[in-house]
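> Here is my input; please provide its structure:
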Amino acid sequence: MKRTDAFCDTSALVPFFSDEPGSVYARSVLNRASVTVWWGTVVEMTSALTRLVRERTIEEPQKEKASARLRALRDRWIEVLPSERVRELALVLVERHPLRAADALQLAAALVWANERPRSRLFVCLDGRLAAAARKEGFEVAP
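Here you go, the predicted structure:
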């Protein structure tokens with residue numbers, strides 16, 4: 001089924017820029033969807049790419065290439081900005097689900113993006129705990 005829009009968690013974006021499990025799926029979604037992300041996603045992505053270099057999973061030239069691809073993707077993605085509503089929802093989500101603060105902010109941003117009506121809205125995520133919480137909130141979670 002072709003999707004026209006999706007909220008993507010950072011865990012789904014990292015494989016887009018590297019070769020790891022989930023890379024093929026991540027590329028297929030990002031190449032055909034209108035992507036929405038949380039405002040802090042670019043910081044999380046930069047952190048993840050830097051960590052991959054530190055761990056010697058990728059070399060610096062690969063990181064630079066991935067960073068350039070990230071800048072290009074940023075030109076076409078939509079960001080949910082920090083707001084009081086995102087914070088309020090994140091506070092509720094950390095009480096309701098076993099989420100870390102950053103994951104609660106991601107899911108809260110997705111709820112704001114979905115106008116708090118997540119049914120049939122696509123949430124792309126490769127983090128098991130966050131995916132489970134998104135499903136319980138009513139999102140269609142992929143993969």
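
> What segments of this protein are strands?
5-8, 34-38, 78-80, 122-124, 140-142 (DSSP state E).

> Go through the second one and flag the buried ones.
For strand 34-38, burial by neighbour count (16 or more other C-beta atoms under 10 Å) applies to Val35, Thr36, Val37, Trp38. For glycine as for every other residue, the C-beta is placed from the backbone atoms N, C-alpha and C.

> in this structure, what spans have low per-residue confidence?
1-4, 18-23, 25-26 (pLDDT under 70).

> hmm, try it at 80
Counting by pLDDT under 80, the chain shows low-confidence ranges at 1-4, 15-33.

> Make sure Leu130 is actually in contact with Ser11.
Yes - if you go by C-beta atoms under 8 Å, Leu130 and Ser11 touch, sitting 7.0 Å apart.

> of the two, who's got more company?
Leu130 (27 against 20; other C-beta atoms under 10 Å).

> Next, the contact list for the more buried one, please.
Asp9, Ser11, Leu99, Asp103, Gln106, Leu107 (C-beta atoms under 8 Å, 6 or more residues apart in numbering).

> 6 Å - rerun?
Asp9, Asp103 (C-beta atoms under 6 Å, 6 or more residues apart in numbering).

> ok, it to Glu137 distance?
10 Å (C-beta to C-beta, to the nearest Å).

> Check Leu81 too.
For Leu81 relative to Glu137 (C-beta to C-beta), the value is 20 Å.

> So what does Leu81 have for phi and psi?
Here is the backbone geometry of Leu81 (degrees, to the nearest 10): phi -80, psi 160.

> neighbours of it, just the number please.
9.

> do you know how far it is from Asp103?
18 Å.

> Please identify the most buried of the strands of the chain.
Mean neighbours per residue, mean count of other C-beta atoms under 10 Å, is largest over the strands of the chain for strand 122-124, with a mean of 26.

> end-to-end on stretch 73-87?
26 Å (C-alpha to C-alpha, to the nearest Å).
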